[in-house]
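>>> could you look at this predicted model? Sequence included:
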Amino acid sequence: MATARDARLARDVLEQLEGSEGALAVERDGRLVLEVPPEIGKLLQQVLDVVARGGTVTIGSVPPVLTTSTAAGILGISRPTLMKMINEGTIGSHMVGTHHRLKADDVFAALRARRARERAAFAELMELEGDEE
């Protein structure tokens with residue numbers, strides 16, 4: 001959990017990172033060791049944003065193969081809904097004994113696809129809203 005000091009430090013760093021141009025780098029003993037890839041820099045900026053607002057950041061790892069309960073949790077759906085998706089072929093799975101297992105990559109791909117559909121639907125709604133004015 002972020003302390004008030006952590007939040008202040010994160011805000012200070014975010015102020016220094018104003019704008020989308022530039023690069024983050026790691027230094028050791030005053031010399032450049034590594035330039036951080038932009039994707040990692042954006043991730044770090046998101047973490048700093050959460051901490052600056054006093055939020056909590058939790059970092060964990062996901063195994064390459066997931067149970068249906070874990071996959072449903074990641075997708076934010078019920079296990080019966082996930083089983084329906086598996087039976088319909090919407091998301092792939094394989095059997096381990098009598099249990100379905102899913103590849104983490106497939107689960108995250110399904111999550112990204114759903115978010116893309118949601119963003120497209122929201123953009124369409126906003127466009128329709130703008131047409132009414």
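Great, that's in hand. Predicted model, so just to flag it, every value in this text is computed and none were measured. Numbering: from 1, shown residues only.
>>> quick one: mean pLDDT for stretch 70-82?
If you average the pLDDT over stretch 70-82, you get 97.
>>> quick one: end-to-end distance for it.
10 Å (Cα to Cα, to the nearest Å).
>>> do the same with stretch 88-103
OK, stretch 88-103 end separation, Cα to Cα: 17 Å.
>>> what of stretch 88-104?
Stretch 88-104 has its terminal residues 19 Å apart, counting by Cα to Cα.
>>> list the helices and strands the helix or strand bottoming out on mean pLDDT in the chain packs on?
In the chain, no helix or strand scores lower on mean pLDDT, DSSP states H and E than strand 24-28, which sits at a mean of 84. Strand 24-28 makes packing contacts with strand 31-36, helix 38-52 when contacts are defined by 3 or more Cβ pairs under 8 Å, 6 or more residues apart in numbering; DSSP states H and E. For the C-beta atoms, the positions are set from N, CA and C on the backbone; glycine is no exception.
>>> now do the buried residues in the last one.
Using 16 or more other Cβ atoms under 10 Å as the burial criterion, the residues of helix 38-52 that qualify are G41, L48, V51, A52.
>>> ok, stretch 78-87 next?
Buried residues in stretch 78-87, defined by neighbour count with 16+ other Cβ under 10 Å: L82, M85, I86.
>>> nearest to L75 among those residues?
Here the nearest of the buried residues of stretch 78-87 to L75, counting by Cβ to Cβ, is L82; it sits at 6.6 Å.
>>> helices and strands around the lengthiest helix in the chain, which ones?
As far as residue count goes, and with DSSP state H defining each element, the longest helix of the chain is helix 104-131. Helix 104-131 sits against strand 65-67, helix 68-75, with contacts defined as 3+ Cβ pairs under 8 Å, 6+ apart.
>>> would you turn these into CSV with distance to A23 and mean neighbour count?
Rendered in CSV, the data for these read as follows (distance: least, Cβ to Cβ, whole Å; neighbours: other Cβ atoms under 10 Å):
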stretch, distance to A23, mean neighbour count
strand 65-67, 35, 17
helix 68-75, 31, 18
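>>> the ones you listed: which one's closest to L24?
Going through the helices and strands packed on helix 104-131 one by one, with Cβ to Cβ as the measure, helix 68-75 comes closest at 28.3 Å.
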